[in-house]
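Colleague: predicted structure and sequence below. I'll ask about it afterward.
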Amino acid sequence: MGKVLWASVLIIAAVLTIALYLTLQALPSSQLPPQTASAPSLTSLTTSSATATPSSTSSTTSSATPPSVASPQFLVIKDVVGREVRIRVPVKRAVAMGPGALRLVVYLNATDILVGIEAMEKRPPQGRDYGYVIWAKNLTNLPIVGQGGPDSPVNFEAIMAVKPDVIIMTPVLANTPDEVQQKTGIPVVVVSYGTTGSINFTELFYSLKVLGKVLGREQRAEQLIAYMKSLIADLKARTANITNRPTVYVGAVSFKGGRPFTSTQAGFPPLVFLNTPNVADKYGIKPGAQISWEALLQAQPDVVFVDLGNYMTVLQDYNRSRDLYCSLKAFKEGRVYGILPFNFYWTNIATMFADAYYMGKVLYPNRFADVDPIAKANEIYEVFLGMPLYHKIAKDFGGGFRKLSFPCG
């Protein structure tokens, strides 16, 4: 009897256990008993591991993936001599070397990225239109990256010490751009105005466009190019259809330093803009060359312009050889005028245009009746350099645009 009762109890217990199990399985998951802390779920394990190992799921990436680093951007350009150059952009550090290179950087209003200058740029700014900006912005305090000057050797160590992103140079240094790039490991961009001492606008405009891209000044480059084209068009239009033009000579034009009165060049740009030949045109005289006194005496120019950068040299020579100078009609008639320095460490492009308007006023006063050469010069300097520099430059050269006195009585 006792065994039968015990067996009945066990059967009843088993049935109740099975019933409880079935009941629990039928309940919603929200009503299940909570899990203990000692048994983490698969989801919490994934979140925990994602803290150390980024996951591709949206639930873990936002808090676990480190900030992304932008891939380097590169610009590939062809410089003015046809070299293909790959440059990391944006450029934040640059140096400019060789005659004319720094001038273009200043014209593009990109002096904020300069990290070094040539030793010659520490000289007072007289004669270099862009030099006044260099001094006004205290850029002469930058480290020296080379001697400077045409045909000067490149100081590789000094350049590498300032860690530029790009080297801007003109093709008149002792070292080739490929050599400079190879030895420094820094991209080199060549710019040019054309033949040293003169202007090739195709090369100048291309150089400005390339530099605009490299330095992040594309809009500024286009503005300058458009402005120069407008000046040239205006000058040419004012002096079109003139039948009787005066005979003109421009002397004492600098080239790699000071020059005498007989230093001139064919195709002198301000006269080209004015549709007016220079006596030197007939002889094809290249920048840095000289015309003979015999040719000048034969030409007998009606008007003479003297580059004020060499005025004292001309005056001294006049005092030694007054009879020779006074054999020229322009000197005898008092038609000798001073223009601002055309060349100094390559051509002063802003000054070139200012000179053109003054020369136009002298040669064709009726065609330039509405032009104040001083006001026009200040406008031009403000566009190119951000400063109305005429009076500063004029002061440095004894008064600027003016008739020069060479008594012949």
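Modeller: Now that the structure is in, tell me what you want to look at.
Colleague: excluding its backbone neighbours, what's nearest L208?
Modeller: A221 (4.5 Å; C-beta to C-beta, 6 or more residues apart in numbering). From N, CA and C alone the C-beta is placed, and that goes for glycine too.
Colleague: does the one you found touch Y206 like I think?
Modeller: No: assessed by C-beta atoms under 8 Å, A221 is found out of contact with Y206, at 10.2 Å.
Colleague: looking at the two, which one has more neighbours?
Modeller: A221 (22 against 17; other C-beta atoms under 10 Å).
Colleague: now the helix or strand containing the more buried one: buried residues?
Modeller: In this assignment (DSSP states H and E), A221 forms part of helix 218-238. Within helix 218-238, the residues that count as buried by 16 or more other C-beta atoms under 10 Å are R220, A221, Q223, L224, I225, M228, L231, I232, D234, L235, R238.
Colleague: and for stretch 189-209?
Modeller: 189-194, 196-199, 203-209.
Colleague: stretch 176-183 now?
Modeller: Of all the residues in stretch 176-183, those buried under the rule 16+ other C-beta under 10 Å are T176, P177, V180, Q181.
Colleague: kindly report the same for stretch 113-130.
Modeller: Result for stretch 113-130 [16+ other C-beta under 10 Å]: buried residues 113-118, 120-122, 125, 127-130.
Colleague: which of those residues fall in strands?
Modeller: I117, E118 (DSSP state E).
Colleague: need the buried residues of stretch 113-130 in TSV (columns: pLDDT and distance to A299).
Modeller: Shown next, in TSV, are the buried residues of stretch 113-130 (pLDDT from 0 to 100; distance: C-beta to C-beta, whole Å):
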residue	pLDDT	distance to A299
I113	98	48
L114	99	45
V115	99	50
G116	98	47
I117	98	42
E118	97	39
M120	94	36
E121	96	38
K122	94	41
P125	95	35
G127	93	28
R128	96	31
D129	97	30
Y130	98	34
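Colleague: of the buried residues of stretch 176-183, closest to N348?
Modeller: P177 (24.2 Å; C-beta to C-beta).
Colleague: list the contacts of the spatially closest residue to that closest one that is not a sequence neighbour.
Modeller: What sits nearest to P177 in space, not counting adjacent residues and going by C-beta to C-beta, 6+ apart, is V188, at 4.4 Å. Contacts for V188 (C-beta atoms under 8 Å, 6 or more residues apart in numbering) come out as R83, V85, V166, I167, I168, M169, P177, D178, V180, Q181.
Colleague: tell me the contacts of I87?
Modeller: I87 touches F74, L75, V76, I77, D165, V166, P187, V189, V214, counting by C-beta under 8 Å, 6+ apart.
Colleague: helices or strands up against the strand or helix carrying the last one?
Modeller: Secondary structure from DSSP H and E places V214 in helix 201-215. With contacts defined as 3 or more C-beta pairs under 8 Å, 6 or more residues apart in numbering; DSSP states H and E, the packing partners of helix 201-215 are strand 73-78, helix 101-107, strand 166-169, strand 188-190, helix 218-238.
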